[in-house]
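In: Sharing a sequence plus its predicted fold:
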Amino acid sequence: LADFGSMLSLGTFRISANNATSHTRSSWRSNQARSLATQTTTKIPQDEYVFDKILVANRGEIACRVMRTAKKLGIKTVAVYSDADKNSMHVQMADEAYNVGPAPSKESYLRGDKILEIAKKAGAQAIHPGYGFLSENATFADLCEQNNITFIGPPSSAILAMGSKSESKKIMSQASVPLIPGYHGDDQSVDLLKKEALKIGYPVLIKAVMGGGGKGMRIVHNPEDFDEALNSAKRESMNSFADDRVLVEKYILSPRHVEFQVFADKHGNVVHLFERDCSVQRRHQKIIEEAPAPGMTPQLRAKMGEAAVNAARAVGYVGAGTVEFILDPNHDFYFMEMNTRLQVEHPITEMITRQDLVSWQLRVAAGHKLPLQQADLKIHGHAFESRIYAENPRNNFLPGTGKLVHLETPTPSDNVRVDTGVREGDDVSVYYDPMIAKLVVWDQDRTTALQRMRLSLENYKISGLTTNISFLTSLASHPAFIRGEVETGFIPKYEKDLFPPIPKVSNQGLALTVLGLLNQEADSHAERPSGDPNSPFNVNSGFRLNNQSTRTVNLLDGEQSIPVHVTYLPNNEYSMKFSDNSELKVRGNIDKNGDFRATVGSQTHKGTLRIHKNELNLFYEGNNFKLQTPVRDYSGGGATKGSLLAPMPGRVVKVMVKPGDKVTKGTPLVIMEAMKMEHTIRAPVDGVVEKVNYNLNDLVEEKKQLLSIKEE
């Protein structure tokens, strides 16, 4: 099987958390040469010309993914980057890189005119749009053609046909592809939409006509909630797609999301490369995918695959696309939409088919026939993909930002692949999607592949910001998921199981943390004078280095103070006493990377401790325990009762109250947007609005006070 090459290698990227990351382009090329050894069966004959140079109109992991295959084929690459991405990974990978504008997407990565200018200036013969941004923009595809630059994607006619959910439903109906009952008309009056929802029968799903990625989508369970859901869906759709039209469909209970990868060339050949199950989602966005779909029979696969191919033929499709279906518990399936681009989750298809889909894209865009016909394609084993996000699953999966202070991935191999666009020391920005990486695993069967995924998640270590790694581990460990009993409502159905109480660090874990602090102090003692006001060792005990004396090290677990009483013993051994009066003897070393092998009591423990300022991340026994050392608070004040803080960094898209307004508990006050997803802040109590601190379109940092309410 192919290892398409992780862009991270443990030897290359493990650096001190307090140092900056810097790599030259030559070092990237040398690392790429090592990681591009692949055993895929996708081959482009030497006599088939493709391109000499392409521009990748994207950023992050997908830009790196496309460049990886291009370099393997000897094609030069051109990167574009915003001001926020000038030092990013995809810029360093490319042969050439050009600034395309300020950080906001609409001023940079969505500026098709600027990107075309850069392509012509650089002499690029083709543009690969990746996914998102301009990948499904028919106008941009047309402009490429008008400027004699190949758009590596479908024709604009197919993008238009499938980009409109209502238009695509009409075409699919004519092609005899099964459809979900719903309203797909042009009349967008609120009264008519509400009547159609009643006619269809609740629950219903409001969907943006031009939507995708879960944006502009709302489930409505009763008529009373329809207006608010409709307004929110329209607003989110307008922000994401510059179009606020919606359709209304029957919401099928306990559905599965099963999609088929299709490919077509300019010679009339169309194939499917089998299915992916993407049922487990949060905020209507995929979080873990697998191929093939659990429980899929050969007969059902044949029927769904035929429908997917018919859908592609109906719009004269060319290139890579995905036909998405809803599959109900009775194995009846319905067309949902077609994504006219390469999907985020394409690596699992590559793993089970042993094909490089980006190589297929380049070949087809250059006018060649598909490398294989349907009868030549086979399924090999089972693959999973987990999307590693900077987000807080315990706070409604709200996206986060921050620096990747420590980043360590599982070791890449033929069975483990890490697709990413970031390195240790990089920032996850408020301006773009918060995905850090895609962790992809393969093995001979589903059970073994899932075991490999759980182990790989355990070995994925990130500190500096909150991630969903622990949540993904809970998902992959859930008995229902292990049995393959997946559906789109999986997360709310098993919410209690997936969000168990946060485990408290054991005395052994505390001992290892203190051991790390003692090692750090010993290493830095000769380098700087004592007196650091934030040091946990700035205490009034009679501590003397290398002598048997006792001191207290204070740690914080949230707001709980945890004292650990340390007695220095001969031979670099310590005795540590805890709040429950138990004692443990501890000895061992922690290296500069934070890895330790230490003896606590009679047991030997291995793990990693990363220290950044006063934040401590202990990766131990499959958990990431987050502790702190105390820091004095000089702010001089606390939170005001009734105040509301921003739950995430983002932009204010609507302010619904003003000072003096009376509100009741649950009243919508402010709507914020981050990564094109909306979050409504509601009144926590009955009261009167005293102050509103932010206006429409203001950018707000996380935990900043949005407004204050005087409780009545």
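Out: Alright, I've got the coordinates.
In: Buried ones in stretch 77-93, by neighbour count?
Out: 77-82, 84-85, 87-93 (16 or more other Cβ atoms under 10 Å). Just so you know, the C-beta spots here come from the backbone N, C-alpha and C atoms, and that holds for glycine as well.
In: Distance from the chain centre to it, please.
Out: When distances are taken as Cα atoms, centre = their mean, to the nearest Å, stretch 77-93 is centred 19 Å away from the chain's centroid.
In: please begin residue numbering at 315 from this point
Out: All right, first residue 315 from here; so that's stretch 391-407.
In: Quick one: mean pLDDT over it.
Out: Regarding stretch 391-407, the rounded mean pLDDT is 97.
In: next one: stretch 963-981
Out: 91.
In: repeat for stretch 573-589
Out: On average, stretch 573-589 scores 98.
In: Next, give me the two most distant ones among the buried residues of stretch 391-407.
Out: Farthest pair in these (Cβ to Cβ) is Thr391 and Ala398. Separation: 20.3 Å.
In: Might one say that Ile376 is in contact with Phe447?
Out: No: using Cβ atoms under 8 Å, Ile376 makes no contact with Phe447, being 9.5 Å away.
In: More neighbours: those two, which one.
Out: Using other Cβ atoms under 10 Å as the criterion, Ile376 and Phe447 rank with Ile376 on top: 27 against 22.
In: Which neighbouring elements make contact with the helix or strand hosting Phe588?
Out: For Phe588, the host element (DSSP states H and E) is strand 584-591. Secondary-structure packing of strand 584-591 (3 or more Cβ pairs under 8 Å, 6 or more residues apart in numbering; DSSP states H and E): strand 570-578, strand 602-605, helix 612-628, helix 660-667.
In: 10 Å - rerun?
Out: strand 570-578, strand 602-605, helix 612-628, strand 633-641, helix 660-667, helix 671-679, strand 696-703 (3 or more Cβ pairs under 10 Å, 6 or more residues apart in numbering; DSSP states H and E).
In: Kindly compare burial across these and name the winner.
Out: strand 602-605 (a mean of 28; mean count of other Cβ atoms under 10 Å).
In: what about that strand, average pLDDT?
Out: Here the average pLDDT along strand 602-605 is 98.
In: Which member of the buried residues of stretch 391-407 is positioned nearest Gln488?
Out: Val394 (38.9 Å).
In: part of a strand, is the closest one?
Out: Yes: per DSSP: H, G, I helix; E, B strand; the rest coil, Val394 lies within a strand segment.
In: Please report how far it lies from Leu824.
Out: 48 Å (Cβ to Cβ, to the nearest Å).
In: same thing with Gly582?
Out: To Leu824, Gly582 is 67 Å away according to Cβ to Cβ.
In: between these two, who's got more neighbours?
Out: A count of neighbours by other Cβ under 10 Å puts Leu824 above the other of Gly582 and Leu824, at 26 against 9.
In: Can you give me every residue that contacts the more buried one?
Out: Residues counted as contacts of Leu824 (Cβ atoms under 10 Å, 6 or more residues apart in numbering) are 818, 867, 869, 871, 876-878, 890, 892-893, 898, 900, 914, 932, 939, 941.
In: That one looks like it's in a helix, true?
Out: Yes: residue state for Leu824 (three-state DSSP) corresponds to a helix.
In: what's the neighbour count on Phe540?
Out: Counted with other Cβ under 10 Å, residues neighbouring Phe540 total 21.
In: So it, which state does it fall into?
Out: Criterion first, three-state DSSP; result for Phe540: helix.
In: That one and Leu519 touch, don't they?
Out: No: here Phe540 does not reach Leu519: they are 11.7 Å apart, not a contact under Cβ atoms under 10 Å.
In: Mutual contacts of the two, please.
Out: Common contacts of Phe540 and Leu519 (Cβ under 10 Å, 6+ apart): 511, 532, 534, 562.
In: just those now: which is nearest Gly426?
Out: Arg532 (29.6 Å).
In: picking up where we left off before, out of the helices and strands packed on strand 584-591, nearest to Ile985?
Out: strand 696-703 (21.7 Å).
In: All the helices of the stretch 815-964 of the chain, residue numbers only.
Out: 821-838 (DSSP state H, counting those that start in this stretch).
In: what residue ranges in it score low on pLDDT?
Out: 838-862, 945-957 (pLDDT under 70).
In: Now with 50, please.
Out: 840, 844, 847-848, 852-860, 946-956 (pLDDT under 50).
In: So which residues of it form strands?
Out: 864-871, 874-883, 887-891, 897-904, 909-914, 917-926, 929-934, 937-942, 958-959, 964-969 (DSSP state E, counting those that start in this stretch).
In: Can you lay out those as JSON lines showing mean neighbour count and distance to Lys692?
Out: Listed next are the strands of the stretch 815-964 of the chain as JSON lines, based on neighbours: other Cβ atoms under 10 Å; distance: least, Cβ to Cβ, whole Å:
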{"stretch": "strand 864-871", "mean neighbour count": "17", "distance to Lys692": "52"}
{"stretch": "strand 874-883", "mean neighbour count": "16", "distance to Lys692": "56"}
{"stretch": "strand 887-891", "mean neighbour count": "17", "distance to Lys692": "58"}
{"stretch": "strand 897-904", "mean neighbour count": "18", "distance to Lys692": "48"}
{"stretch": "strand 909-914", "mean neighbour count": "18", "distance to Lys692": "41"}
{"stretch": "strand 917-926", "mean neighbour count": "18", "distance to Lys692": "40"}
{"stretch": "strand 929-934", "mean neighbour count": "22", "distance to Lys692": "39"}
{"stretch": "strand 937-942", "mean neighbour count": "18", "distance to Lys692": "39"}
{"stretch": "strand 958-959", "mean neighbour count": "16", "distance to Lys692": "54"}
{"stretch": "strand 964-969", "mean neighbour count": "19", "distance to Lys692": "46"}
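In: can you put those in a markdown table and add distance to Arg677?
Out: Formatted as a markdown table, the strands of the stretch 815-964 of the chain follow (distance: least, Cβ to Cβ, whole Å):
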| stretch | distance to Arg677 |
| --- | --- |
| strand 864-871 | 55 |
| strand 874-883 | 59 |
| strand 887-891 | 62 |
| strand 897-904 | 50 |
| strand 909-914 | 44 |
| strand 917-926 | 43 |
| strand 929-934 | 43 |
| strand 937-942 | 43 |
| strand 958-959 | 52 |
| strand 964-969 | 41 |
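In: Of all the ones you listed, which one comes closest to Asp642?
Out: It's strand 964-969; of the strands of the stretch 815-964 of the chain, that one is closest to Asp642 (Cβ to Cβ) at 35.2 Å.
In: which element follows that closest one toward the C-terminus?
Out: Assigned by DSSP H and E, the successor of strand 964-969 is strand 976-977.
In: Which elements pack onto that following strand?
Out: Partner elements for strand 976-977 (3+ Cβ pairs under 10 Å, 6+ apart): strand 1001-1006.
In: Can you list the strands that the strand it packs on pairs with?
Out: strand 976-977 (antiparallel), strand 1019-1025 (antiparallel) (DSSP bridges).
In: and the following helix or strand past it, what's its mean pLDDT?
Out: Counting by DSSP H and E, the next helix or strand C-terminal to strand 1001-1006 is strand 1013-1014. Across strand 1013-1014, pLDDT averages out at 82.
In: for strand 1013-1014, packing partners?
Out: Packing partners of strand 1013-1014 (3+ Cβ pairs under 10 Å, 6+ apart): strand 964-969, strand 982-988.
In: Secondary structure class of the closest residue in space to Val518 that isn't next to it in sequence, three-state.
Out: Distances taken as Cβ to Cβ, 6 or more residues apart in numbering put Ala511 closest to Val518, at 4.7 Å, once the chain neighbours are dropped. Secondary structure, three-state DSSP: Ala511 is helix.
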